[in-house]
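K.L.:
Next input, structure requested:
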Amino acid sequence: QVQLVESGGGLVQPGGSLRLTCAASGRTFTYEAVGWFRQAPGHEREFVATVSWSGGTTYYADSVKGRFTISRDIAKNTVYLQMSSLKPEDTAVYYCAAGCRRVVSTCQSADFNSWGQGTQVTVSS
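P.N.:
Next up, the predicted model:
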């Protein structure tokens, strides 16, 4: 089982940027896609982005495409989510998840078997 720890959340003004980090321990992400999801109060958890195990393929929700960038550092066993042009509707708890062994564009929430505890992102003036 891999342990995932997210960090980098906080309060930011609309239009600002944040970089979230997902650090893994226990085992490596070899051959597994890693994803970011988010959940706002009163809403279901939703997909944000996924990156392949090699880092060469990424997939994004339409709502964040062009504003968010997911990447991974294989040597550090870490995945990042760079968020720019943030909007109030991006406010949520952000979770990273590991374990999907499907093509990244087909990874669903149920395909991930390891989840972090989440980090709060609040976009407000």
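
K.L.:
switch to C-alpha atoms for all contacts and neighbour counts from now on
P.N.:
Fine.

K.L.:
Can you tell me the centre-most residue of this protein?
P.N.:
residue 36 (2.2 Å; Cα atoms, centre = their mean).

K.L.:
Compute the number of surrounding residues for the nearest residue to that one once chain neighbours are set aside.
P.N.:
Nearest non-adjacent residue to residue 36, counting by Cα to Cα, 6 or more residues apart in numbering: residue 96, 4.4 Å away. The number of residues packed near residue 96 is 30, by other Cα atoms under 10 Å.

K.L.:
roughly how far is the host helix or strand of residue 96 from the heart of the chain?
P.N.:
In this assignment (DSSP states H and E), residue 96 forms part of strand 92-100. For strand 92-100, the distance from its own C-alpha centre to the chain's C-alpha centre is 5 Å (Cα atoms, centre = their mean, to the nearest Å).

K.L.:
Following the chain onward from it, which element is next?
P.N.:
strand 114-115.

K.L.:
dump the residue contacts of residue 19.
P.N.:
8, 9, 80, 81, 82, 83 (Cα atoms under 8 Å, 6 or more residues apart in numbering).

K.L.:
Find the nearest non-adjacent residue to it, please.
P.N.:
residue 82 (4.4 Å).

K.L.:
Can you tell me whether I have it right that the one you found is in a helix?
P.N.:
No. Read with DSSP: H, G, I helix; E, B strand; the rest coil, residue 82 is strand and lies in no helix.

K.L.:
thinking again about what came up before, what residues are up against the residue nearest to the centre of the chain?
P.N.:
Counting by Cα under 8 Å, 6+ apart, residue 36 touches 47, 48, 49, 50, 81, 94, 95, 96, 97.
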